[in-house]
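> Fold the following.
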Amino acid sequence: MEAHARSLRVFTGNDRELARFLGQYQEPANAVHLWALDNVEGFERFLDEIDRLLHNLLSSAMTLRDHTRRVRRKLLPACAEDNLSEKYEVRVDKDFGQAPLPQFVEDLRNFTLHRRLPVATGGLSVTPGVSFETRIVLHPSDLLKWSTWSPVAKRYVESAGDEILMASVLRDYRATVVAFQQWFREALAIRHRAELETLEEEEANVRKLWQRAWGPAPSDPG
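Now for the predicted structure:
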């Protein structure tokens, strides 16, 4: 379970890093400098960093997916005492298997791995005294040149119009993954409650033996 938690932390860390990087350029001062006509090289470096961070996020998303499947097979197999395994299958199918946006993210990783990095471009919209928005987008017309999209993912791309807003994809996919992983971790805790309680007791005994032999550890409040 701790190995699985590490994979989850890698995904959330990559997601947080990309979201933070995009968010910096919602600040007017940063955006004005980024979009300055004499800052072409700076803008190209900005897009290069988007490529790097997006690649890391997509890779970690699929790592988390595959590690979750392995942990499920090992620690949450079908069991006559509960229906958690069946609930897992239903939830995976609803949240990921038949959901257009998660299928798009999964296929975008394959697009990145087997074809090339997707082309990301930027846009800036300013209404003086009213609104200021900078956005990074992927272009469906470019993505659809790849013939290997799954039917569900392809429908998502086709229905997106002229642009797919990266920040919206990240926000919605993050919400889906976090909610599912929270449920999954709770299901594992329910299934293995007895083993986890035994582990906690054994860890407590080890701490007592340590304190008896060496005194309280530096980080031990006692």
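> So which elements touch the lengthiest helix in the chain?
Ordering each helix of the chain by length in residues (DSSP state H) puts helix 40-75 first. In this structure, helix 40-75 packs against helix 2-24, helix 28-34, helix 100-114, strand 120-127, helix 166-191, with contacts taken as 3 or more CB pairs under 8 Å, 6 or more residues apart in numbering; DSSP states H and E. C-beta: built from backbone N, CA, C; applies to glycine.
> Deepest-packed of those, please.
Stretch with highest mean neighbour count among those: helix 100-114 (a mean of 19; mean count of other CB atoms under 10 Å).
> coming back round to it: mind listing what's buried in the longest helix of the chain?
Residues 46, 50, 53-65, 67-68, 71-72 are the ones in helix 40-75 that count as buried (16 or more other CB atoms under 10 Å).
> any low-confidence regions in the protein?
Applying pLDDT under 70 to the chain picks out residues 130, 196, 217-222.
> How is the protein divided into domains?
Domain segmentation of the chain under automatic domain parsing yields 2-178, 192-222.
> and the longest one, how far from the chain's centre?
Going back to what we said before, that points to domain 2-178. Relative to its chain's centre, domain 2-178 lies at 7 Å (CA atoms, centre = their mean, to the nearest Å).
> Quick check: end-to-end length of that domain?
16 Å (CA to CA, to the nearest Å).
> List the contacts of the closest residue to residue 57 other than its chain neighbours.
Leaving out its chain neighbours, the residue that sits closest to residue 57 by CB to CB, 6 or more residues apart in numbering is residue 14, at 4.4 Å. Applying CB atoms under 8 Å, 6 or more residues apart in numbering to residue 14 gives the contacts 53, 56-57, 60.
> let's see 6 Å
56-57, 60 (CB atoms under 6 Å, 6 or more residues apart in numbering).
> now residue 166
Residue 166 neighbours (CB under 6 Å, 6+ apart): residue 136.
> cool, and residue 132?
By CB under 6 Å, 6+ apart, the neighbours of residue 132 are 28, 126.
> hang on, it is in a helix, isn't it?
No - membership of residue 132 in a helix is not supported by DSSP: H, G, I helix; E, B strand; the rest coil, which gives strand.
> and the gap between it and residue 43?
Residue 132 is 17 Å from residue 43, where distance means CB to CB, to the nearest Å.
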